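> need a structure here:
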Amino acid sequence: MSLRVIPLLVISFIVYNVVVLFGGDATAETILSRQLFAVPMVSGARWVFTIGDLIILLTMVLLFAELIKSTYTSSSQMVDHGLSMLVFIACLVEFLLVQKATSSVFFFILIASLIDVVAGALIGIRTARRDLNLGGE
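Numbering: from 1, shown residues only. Next up, the predicted model:
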């Protein structure tokens, strides 16, 4: 078994928990809205990049990598799909039960893990069907 079976979205889940749950007594919104940097724009406005923005960006990149991974057909993909389902269930339970997990950033992690599970299953079925059609000719 290789590291390919580990769902990458677990990294976003862990990063969020480390940042927010161990970020002190502040609320999740306060922690996630801390500015990392600001860029002055030509219009005169400032674009502010926060910790929450970084976590969402990381989540989108990892979701893209997960969708690419789901196009490969192997027996380890079933393990990856099962582990992705566990990540989604853990995100859902934490979103419903943990007060500091009720933020928009965590909601986007939850939705990304749901997309990973659904798309992984659909892409896996579609790819397996294509492989069966190629083998039948």
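
> can you tell me the helix or strand for residue 48?
Per DSSP states H and E, residue 48 falls inside strand 46-50.

> and the longest helix anywhere in the chain, what's its mean pLDDT?
Assignment by DSSP state H gives helix 104-136 as the longest helix of the chain. Helix 104-136 shows a mean pLDDT of 82.

> what residues sit buried inside it?
105-106, 108-110, 112-114, 116-117, 120, 123-124 (16 or more other CB atoms under 10 Å). C-beta coordinates here come from the backbone N, C-alpha and C atoms, glycine included.

> can you list those residues in TSV and add distance to residue 59?
Shown next, in TSV, are the buried residues of helix 104-136 (distance: CB to CB, whole Å):
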residue	distance to residue 59
105	8
106	10
108	6
109	5
110	10
112	5
113	9
114	12
116	10
117	14
120	16
123	19
124	21
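
> which strands or helices does the very next helix or strand once past the strand holding residue 48 pack on?
Going down the chain from strand 46-50, the next helix or strand is helix 51-69, by DSSP H and E. Judged by 3 or more CB pairs under 8 Å, 6 or more residues apart in numbering; DSSP states H and E, helix 51-69 is in contact with helix 9-16, helix 28-32, strand 35-40, helix 76-97, helix 104-136.
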